[in-house]
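Chemist: Predicted model follows, preceded by the sequence.
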Amino acid sequence: MGIIFLHQLHDHLKSLRFQVSLLLLLLLFSLNGLIFTWSKQQQITDDATIVSANNRIYERAETISQAVQEYRIFSNRAGIEFIAEGGTSWLHDGMWFHLGIEEEPPNSGRFRSDNNWMIRFEEADWALIVRIVLSFVCIALAYNTVSSEIEQSTLSLVFSNPLSRGRYLMGKFLAHLTVLLVSIILCSLVSLLILSLNRAIELDFVIFRSYCLFLLGTLFYLSFFLLLSMGISALSRNSASSLVILIMLWALLIVIIPQTSYMISTQLIETPGAWWETYFDPFNDARETLTKEGVSLRGKDLGGVDGYAIEKIYARRMNEIEKQQHQFHKNNIQKTIYQYQVAKAINVLSPGFAFQYSVESLLNTGEVRYQHLLKQGWNYLATLRDFLRARDAVDPDSPHVLFLADYMSTMELDANNIPRFKYQHPPLSESIVAGIIPLIVLILDTAIAFFFAFWCFNRAEIAG
């Protein structure tokens, strides 16, 4: 097996196909380093603008009642988008919400200055290069692994020696895999060097861990296409036929299947539609009912006569409806996310996206990051309300009608004491849970390709 490995390695090193592929990969990874360096500079500018705008919002709150206003939060980038961008350019990166109980529900959106017209274009991260370019390079290097030997009638000579078919195939496979892994490591190190020299990243443990996880996913993904190519090469016994079949399979797995996911998911899963248009209907209905019962906001002068008893009834009822509507709001958001998840599940049938999603999840980018932002946003809303509730309670002159700004304390408030939002990156446990299914699918794909390659080669006639 060692001789087969070294012989195939030598063939690759002097092969024009490999040399051109290496130059192409080097070019793409270098461009990756430059593009994400420029992106980092834009990100710094955007983040400074967002932080400044947020600070002005907090500074407007000079009293407790004035603090019942709209707030905004945004997520920090993971810092490894050059490896797996994961929709960072189009997924919502912030939330806004009002502390008042008769206001719009918390919503998410984009705060950074990205062009929404560009969301259909993928960024040239490492995962994209591997998913599209390197998978094709696998085919280019391995499509004639067995068929060329059959055409040249050299297999019968090889097996005149005490060498099993399994050891022969493994020697070829390991040689292919070695040259590709070495190529990807060298080219990715060039990208890291460019990013590091331009201070777009810091070479720390997070980068090292992300790099290792990326290489792990790449190992399985390359193995799948190499084994598939070798199996088809043995099955077809003709290099030209093998190449045509592999290109068609590549188009099916990498292009066609992912393009059908949107259509299938939208047909299978219905979205809630323009549900926000009816969000305030329960509030309006309750307001009408309460008015008929003589319960309405009377103003601070009239309300103070009976200690704001009617206003407190009104606020309590609106608070109950808000809880129901917030749950209604969360459910509808989850329905839209579920449709996206169904589309992803269809995409996982493609080994390319099984690789893509496993890397994105394990590296804390993509959907897992957005879901974590939503969770933190709702928690922050509760934190701010608890803070104002406690401050309002210590003011004996306050009407204590919570989260109706006109009926809360007018006591002075130091804006610096308002709890500030600090985005917490998703824990590794959440990332593993999100990435385990696509990773298992990728491993299963590789295992199937392994048995397919050995089955095809073991049944192949070695004589030309």
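Modeler: Perfect, I can see it now.
Chemist: Buried ones in stretch 426-440, by neighbour count?
Modeler: 426, 430-431, 434-435, 437-439 (16 or more other Cβ atoms under 10 Å). Where you see a C-beta, it was placed from the backbone N, CA and C, and this is true even at glycine.
Chemist: Over to stretch 393-409?
Modeler: 398-405, 407-409.
Chemist: What ranges in the stretch 151-300 of the chain fall below the confidence cut-off?
Modeler: Applying pLDDT under 70 to the stretch 151-300 of the chain flags the ranges 156, 159.
Chemist: got the residue ranges for the helices in it?
Modeler: In the stretch 151-300 of the chain, the helices defined using DSSP state H, counting those that start in this stretch lie at 155-158, 165-197, 205-236, 239-250, 257-268, 281-292, 300-303.
Chemist: closest one to residue 456 among the ones you listed?
Modeler: helix 205-236 (4.1 Å; Cβ to Cβ).
Chemist: Among the buried residues of stretch 426-440, which one sits closest to residue 208?
Modeler: Distances from residue 208 to the buried residues of stretch 426-440, taken by Cβ to Cβ, are shortest for residue 431, at 15.9 Å.
Chemist: What strand or helix carries that closest one?
Modeler: Residue 431 is part of helix 428-459 when elements are defined by DSSP states H and E.
Chemist: Next, the angle from that helix to helix 165-197.
Modeler: Put simply, helix 428-459 runs at 140 degrees to helix 165-197, going by axes from the mean of the first three to the mean of the last three Cα atoms, to 10 degrees.
Chemist: roughly how far apart are the residue nearest the centre of the chain and residue 356?
Modeler: The residue lying closest to the centre of the chain (Cα atoms, centre = their mean) is residue 366, at 1.0 Å. As judged by Cβ to Cβ, to the nearest Å, residue 366 and residue 356 stand 9 Å apart.
Chemist: who touches both of the two?
Modeler: residue 84 (Cβ atoms under 8 Å, 6 or more residues apart in numbering).
Chemist: before we move on, the earlier item: tilt between the helix holding residue 431 and helix 205-236?
Modeler: Using the same axes, to 10 degrees, helix 428-459 lies at 20 degrees relative to helix 205-236.
Chemist: got a list of contacts for stretch 405-418?
Modeler: 58-69, 100, 297, 300, 303, 308, 311, 315, 384, 387-388, 391-392, 395, 397-402.
Chemist: Generate a PyMOL selection restricted to the buried subset of those residues.
Modeler: Buried residues among the contacts of stretch 405-418 (16+ other Cβ under 10 Å), as a PyMOL selection:
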select buried, resi 61+64+65+67+68+69+100+297+303+308+311+315+384+387+388+391+392+398+399+400+401+402
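Chemist: if you look at the contacts of stretch 405-418, which of them are in helices?
Modeler: 58-59, 300, 303, 311, 315, 384, 387-388, 391-392 (DSSP state H).
Chemist: now, among those, which is nearest to residue 460?
Modeler: Closest approach between the ones in helices among the contacts of stretch 405-418 and residue 460, by Cβ to Cβ: residue 384, at 68.8 Å.
Chemist: ok now do the closest one, which residues does it touch?
Modeler: 67, 71, 99, 418-419.
Chemist: what number of residues lie near the nearest residue to residue 257 once chain neighbours are set aside?
Modeler: Counting by Cβ to Cβ, 6 or more residues apart in numbering, residue 257 lies nearest to residue 350, which is 4.4 Å off, once chain neighbours are set aside. By other Cβ atoms under 10 Å, 24 other residues sit near residue 350.
Chemist: next one: residue 362
Modeler: 25.
Chemist: So it sits against residue 433, correct?
Modeler: No: using Cβ atoms under 8 Å as the test, residue 362 is too far from residue 433 to be in contact (10.5 Å).
Chemist: residue contacts, residue 201?
Modeler: 40, 79-80, 82, 192, 195, 207 are the contacts of residue 201 under Cβ under 8 Å, 6+ apart.
Chemist: and it, how far is that from residue 20?
Modeler: 29 Å.
Chemist: Then residue 358?
Modeler: 29 Å.
Chemist: got it, and residue 45?
Modeler: 38 Å.
Chemist: With adjacent residues omitted, what lies nearest to residue 441?
Modeler: Per Cβ to Cβ, 6+ apart, closest to residue 441 is residue 354, 4.4 Å.
Chemist: quick one on the thing from earlier: I'd like to know which of the ones in helices among the contacts of stretch 405-418 is nearest to residue 169.
Modeler: Using Cβ to Cβ, residue 384 comes nearest to residue 169 of those, at 62.7 Å.
Chemist: Show me the shaky parts of the stretch 351-464 of the chain.
Modeler: 462-464.
Chemist: Apply 90 and report the result again.
Modeler: Along the stretch 351-464 of the chain, segments meeting pLDDT under 90 span 364-371, 425-435, 456-464.
Chemist: Most distant residue from the centre of this structure?
Modeler: Quick read of the chain (Cα atoms, centre = their mean): farthest out is residue 305, 56.0 Å.
Chemist: Make sure I have this right: that one is in a strand.
Modeler: No: Residue 305 sits outside any strand when classified using DSSP: H, G, I helix; E, B strand; the rest coil, being helix.
Chemist: if I look at it, how far off is residue 318?
Modeler: 21 Å.
Chemist: mind listing what's buried in stretch 124-132?
Modeler: For stretch 124-132, by 16+ other Cβ under 10 Å, it's 124-132.
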